[in-house]
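Enquirer: Would you be able to build a 3D model of this:
(chains A, B, C, D, E and F)
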Protein chains: 6
Amino acid sequence: MSTRACGRAPDQIRPVTITTNYTRHAEGSVLVEFGHTKVLCTATVETGVPRFLKGKGQGWVTAEYGMLPRSTHSRMQREAAKGKQGGRTMEIQRLIARSLRAAVDLKALGEYTITVDCDVLQADGGTRTASITGACVALANALQWMQEKGMIAANPLKTLVAAISVGIVDGLAVTDLEYTEDSAAETDMNVVMTAEGKMIEVQGTAEGEPFSHEELLAMLALAHKSIDELVEYQRRAIAGL
Amino acid sequence: MSTRACGRAPDQIRPVTITTNYTRHAEGSVLVEFGHTKVLCTATVETGVPRFLKGKGQGWVTAEYGMLPRSTHSRMQREAAKGKQGGRTMEIQRLIARSLRAAVDLKALGEYTITVDCDVLQADGGTRTASITGACVALANALQWMQEKGMIAANPLKTLVAAISVGIVDGLAVTDLEYTEDSAAETDMNVVMTAEGKMIEVQGTAEGEPFSHEELLAMLALAHKSIDELVEYQRRAIAGL
Amino acid sequence: MSTRACGRAPDQIRPVTITTNYTRHAEGSVLVEFGHTKVLCTATVETGVPRFLKGKGQGWVTAEYGMLPRSTHSRMQREAAKGKQGGRTMEIQRLIARSLRAAVDLKALGEYTITVDCDVLQADGGTRTASITGACVALANALQWMQEKGMIAANPLKTLVAAISVGIVDGLAVTDLEYTEDSAAETDMNVVMTAEGKMIEVQGTAEGEPFSHEELLAMLALAHKSIDELVEYQRRAIAGL
Amino acid sequence: MSTRACGRAPDQIRPVTITTNYTRHAEGSVLVEFGHTKVLCTATVETGVPRFLKGKGQGWVTAEYGMLPRSTHSRMQREAAKGKQGGRTMEIQRLIARSLRAAVDLKALGEYTITVDCDVLQADGGTRTASITGACVALANALQWMQEKGMIAANPLKTLVAAISVGIVDGLAVTDLEYTEDSAAETDMNVVMTAEGKMIEVQGTAEGEPFSHEELLAMLALAHKSIDELVEYQRRAIAGL
Amino acid sequence: MSTRACGRAPDQIRPVTITTNYTRHAEGSVLVEFGHTKVLCTATVETGVPRFLKGKGQGWVTAEYGMLPRSTHSRMQREAAKGKQGGRTMEIQRLIARSLRAAVDLKALGEYTITVDCDVLQADGGTRTASITGACVALANALQWMQEKGMIAANPLKTLVAAISVGIVDGLAVTDLEYTEDSAAETDMNVVMTAEGKMIEVQGTAEGEPFSHEELLAMLALAHKSIDELVEYQRRAIAGL
Amino acid sequence: MSTRACGRAPDQIRPVTITTNYTRHAEGSVLVEFGHTKVLCTATVETGVPRFLKGKGQGWVTAEYGMLPRSTHSRMQREAAKGKQGGRTMEIQRLIARSLRAAVDLKALGEYTITVDCDVLQADGGTRTASITGACVALANALQWMQEKGMIAANPLKTLVAAISVGIVDGLAVTDLEYTEDSAAETDMNVVMTAEGKMIEVQGTAEGEPFSHEELLAMLALAHKSIDELVEYQRRAIAGL
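Expert: Got it, this is the predicted structure:
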């Protein structure tokens, strides 16, 4: 018996689709869908590293995030037209980038920079977690491409990373919040984990009432289970299944 | 016998697909494809008009244009990160907006603003002409939605507008240039026409050698024929075929 | 026996000082010191609320954060001169603002906006947690001032909020990281709690290796203990002791 | 018999004045007047080329455009104060630059950059076409100066380029629209041609009704005749007559 | 006997020309020339006042300043293209505005704003002092225009203001420094005075060695004499002589 | 008998405190207080010089100025949030920088850049003059530090510079204006002098009525006396007294 308005069980994620080779030009290109949330993740390989890494014999992985103006229920002003990226955008792209770097041996990458762009085509909650999950596959594809081109001898991917949003809605811990749940949640927590179930990022925020230690543990358990499922989707996508 | 490297006849456009209802939130949402060029066009209806039109009893139609950073062969810097839209972007979005306004009776629209966002997912030449062609369908869909909602009594759409790029490549007038042709063209001309074959915009530019009156006429004839074909695609998409 | 280079026990915070009425003009003005980290927190009361809250019969609490150019070991470029606030600054000021709002009944505040500016005079790690801890006292002082002026009938402060950074350094969970520890930490976690020990924000980031569930629990326990101590400092400062 | 409110025949341009050596410092300095429209065009020669041309053994010609705040009927906000150049400004300066480059053999120029600034002192329609016409003379003067200084062996100027605006006003095709005509025109077309009558740019825009093929041809014929006259003014100015 | 490289006597200003009605659209339009320095000053009258003066029953006078990119010996980057006005520009336009306000009874002006734009067409030292001197005439012309239109009953101009730069060059106090003198000056001082010889602004800066009280007095005496002469030029220009 | 509302004699400055080593990281760090005006001045030594000085064998001294948002009676918007520094800020930091450079033999400094940041913690009039006075001590401390480190053989400090604001308030010439006096002053003049009493900057502005030669002399006399006193405070601070 489900107590969620959306009809899902508390620990049930939305249908997930990970489509590789979605566009032609990028070294890795993935369309990731968590229910109605759709994000295009493209990985670009470029020679060289940012100035602060010059001569350190290592590579770099970074990320950028954007939402198409009408990916949302009502139209958002285009950040390029406003002349700056907002605080939420910056927060999210820094989170995606840190998460991806945790999956890669930057020394083994060599002096290359990989930029993963995550652009939201349609939003229905969980855009940052879908972005991380899809971006990791685009990154994996780009690293395979580099290996095929002979740019790197071994694949520097150490693990896969995936992410899920969990929260407390109407007093109940639930996973993979869609937009209407996200708006109503007392607590919203984004969790990024490795394929081995270790934590890379935990970001919990009380939107209404503060949350207890027990609620934190309940949310973490849901996140762990959901991320295990997401990693399985990632593995199949990378394997070309 | 074709003399184009791409294998097409001089007057042959690329395969065209116009998919309506491509995303969920916008009042009109169209994915338009001219060969490998793919543009997402979403139309947003909002109450009210810009300040300079307040109290004049008319509506407004405007447009914005953007390219995803890796829609292109090599990655372009994100305009939101650069902090401003470039000259090319501004030129294109002004062109799209003027073209769309030529299709609408703004008096009959009433005090509403329709913004059409054209975001290039994948670029292979002709992004501005594909944008105009797709945006007109998204606009038509949004106007239908307004009529269904009872916001407007009659449909203010006066005609359909479509656009094509034509050019002189290796001395030959050809239509619907793809990226490699566009890069090599001596002359590049974008033409916007109504369904009746009248001209809204003609923008011809000599990239290499100046062009003659005869070449101009040859390009215009190709544009006319191609736009007739595009309007047929638009009609079928709007009819839901 | 301490295993920290700084000589502190794992669960020992730095000397804390909270000086109220530090400057003359602000409705609340606090200098907070966590060891060598010194932040000036000033609370400003203004009539009215942001546009999105107009007519909703509630107040607003927001925050801004900045670092003086030479508060750090080497000079940072002034954000006003760069022409924009960086991603880190935005992230921190959004965190401070959310934390403070969790302490206030915005309905009971009425249509006033309180802005708390947190400006770092000297940095040695933990500037965001010191900021939250000091800002809450400045906010409490400003609310007292409003009550004295008769602007509000009852004090809308629901609880106190304080914050601490905890982390894993050399495999050991420790509290209140100073700069050299922060730079070397495998994991860094900022925790914001109420006086009752409930969580408002938990932001854990693996800088090096991912962290385990057990490490998370160890860090949370340290945070809980330290925040209890900080709340005691806050209470004494607000009481004027 | 004239049918234009301004008293001119449909194919009659306004009085044209091209004053060379108008200011002291620039390598080429021209005041161009088309009736009441007055534009100061200064050409600056600098060593080196933009980054994207480094090492290609060629030069570059670029242009910038601006309007003094009170060059117009009512005062426009200064773009420097607004903090950015508008879309119209960018469109125009890109047009001027492309037009000038069509007149120069960039290989023969060598690794120099010539920047032509076109600043409108007084506007009465046709500022972009006056700018191109005057800028070409300033450019020619700067190239003469380079030759006199021994910086280039031969003059890389291949031809002269001039520009005129033509349009349909009250159903009649007319040339060199002044401000009141421009505001009332159904169609406005800017044409840039070489001294040999070949086309460099054709930019026609239906402001009201779309235009027919016959109207296009009528406008082109007017443009051709007017540009022949403008080139004669340019030749005399360059010859110092 | 002159000891100045330029051949002028220490107390001799350059030839001054003040041309009124220089452009057509502005309510006051003046070309002011101090030797080779040429500045176009246009005064614009607009209804209403800035927000901070709303409802105070007074008017406002403000000023903006700009240099054409090639008004100078080598080309300066266009401030509109850089995206901001530099510190020098802001300093100068604030100085011009303060000086003009000292000449007007703002209460008697009523709720109008007059903006005087000073745009340097050619620079050879003293652009700010020429700007003030010319702007005052443009302002006077605009006030006459307002009176003729019946917008104001009486002329709110209280006095004329004019400005001169004086300095110490090679140990000698001299007036109206041209560019080469300005570059070599030990001290540079800009003085703004009323027609009655009272001071509005005195801005002296030691570029090399600090200056003595005696040098200050010598410079002030020169300024006084030169401004008397400039006011005479202003009077003749306003009288239409 | 005092005629000033603040109770001070016309020639009496406020209590002055100069605290050295106020923060830990900067090479020179001074808190300067003129009554309730408090400014933190930190001097940063960096290797290298700005581009325009490269290879000229000299150093550079520059300054930046900022006000904390609630250093003032009512909160000012943060310049970093506005996205630019205002004209007043730029004017002040250029003034501080020029004043400091007058105290240093830049040739003897060698290719180092010293940046002095002046951040106002609390404002009550005279922030720019307090900044210059404190910044000179921070600069002196930084130069001592460089000498101790062996970066420079001899101390390039040629003299001390200090600054005071003087003005005409209610017809009386007074020194060191506090905020209420500054707001009411007819004339406000900032004077920067060397320890030897020579002038570096004199900036007098009539806020209300123009000022006479006699008033100028009276203000200069007060400035001279006050600066002598300030230099004595500087000497004691540098001597560590």
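
Enquirer: ok, and A:His224, which helix or strand is that part of?
Expert: helix A:213-238 (DSSP states H and E).

Enquirer: Which elements pack onto that helix?
Expert: Judged by 3 or more CB pairs under 8 Å, 6 or more residues apart in numbering or on different chains; DSSP states H and E, the packing partners of helix A:213-238 are strand A:16-20, helix A:127-148, strand A:161-169, strand A:172-175, strand A:187-194, strand A:199-206, strand C:199-206, helix C:213-238. The C-beta positions use only the backbone N, C-alpha and C, and glycine is treated the same way.

Enquirer: how about a cut-off of 7 Å?
Expert: strand A:16-20, helix A:127-148, strand A:161-169, strand A:172-175, strand A:187-194 (3 or more CB pairs under 7 Å, 6 or more residues apart in numbering or on different chains; DSSP states H and E).

Enquirer: for these, which one ends up most surrounded?
Expert: strand A:161-169 (a mean of 28; mean count of other CB atoms under 10 Å in any protein chain shown).

Enquirer: May I have the distance across stretch A:155-173, first residue to last?
Expert: This stretch, stretch A:155-173, spans 38 Å end to end (CA to CA, to the nearest Å).

Enquirer: burial count for A:Arg235?
Expert: 15 (other CB atoms under 10 Å in any protein chain shown).

Enquirer: Please name the nearest non-neighbouring residue to it.
Expert: If the residues on either side of it in the chain are set aside, A:Arg235 comes closest to A:Leu160, at 7.1 Å by CB to CB, 6 or more residues apart in numbering or on different chains.

Enquirer: Could you tell me the phi and psi values at that neighbour?
Expert: phi -100, psi 150 (degrees, to the nearest 10).

Enquirer: ok, it - contacts?
Expert: A:Ala103, A:Cys136, A:Ala195, A:Val231, A:Gln234 (CB atoms under 7 Å, 6 or more residues apart in numbering or on different chains).

Enquirer: Equivalent analysis for A:Ala138, please.
Expert: With CB under 7 Å, 6+ apart, A:Ala138 has these contacts: A:Gly28, A:Ser29, A:Val30, A:Cys41, A:Thr42, A:Ala43, A:Val116.

Enquirer: Of those residues, which pair is most distant in space?
Expert: A:Ser29 and A:Val116 (10.3 Å; CB to CB).

Enquirer: Look at the two and report which has more neighbours.
Expert: A:Val116 (30 against 25).

Enquirer: Check what pLDDT the more buried one gets.
Expert: As predicted, A:Val116 sits at a pLDDT of 98.

Enquirer: and if you look at A:Thr180?
Expert: At A:Thr180, pLDDT is 95.

Enquirer: right, and the secondary structure at the closest residue to A:Ser131 other than its chain neighbours would be what?
Expert: Using CB to CB, 6+ apart and skipping the chain neighbours, the partner closest in space to A:Ser131 is A:Cys118 (3.8 Å). With DSSP: H, G, I helix; E, B strand; the rest coil as the basis, A:Cys118 sits in strand.

Enquirer: Quick check: the gap between A:Cys118 and A:Thr44.
Expert: 12 Å (CB to CB, to the nearest Å).

Enquirer: higher neighbour count, these two?
Expert: Taking neighbours as other CB under 10 Å, A:Cys118 and A:Thr44 compare with A:Cys118 leading, 26 against 22.

Enquirer: what residues does chain A put near chain F?
Expert: Within chain A, not a single residue sits near chain F (CB under 7 Å from any CB of the partner chain).

Enquirer: residues touching A:Tyr22, list them.
Expert: By CB under 7 Å, 6+ apart, A:Tyr22 lies in contact with A:Ser29, A:Val30, A:Leu31, A:Leu40.

Enquirer: Can you tell me which helices and strands whichever helix or strand the last one is part of packs against?
Expert: A:Leu40 is located in strand A:37-47, with elements delineated by DSSP H and E. If contacts are counted by 3+ CB pairs under 7 Å, 6+ apart, strand A:37-47 sits against strand A:28-34, strand A:112-122, helix A:127-148.

Enquirer: Great, nothing more from me.
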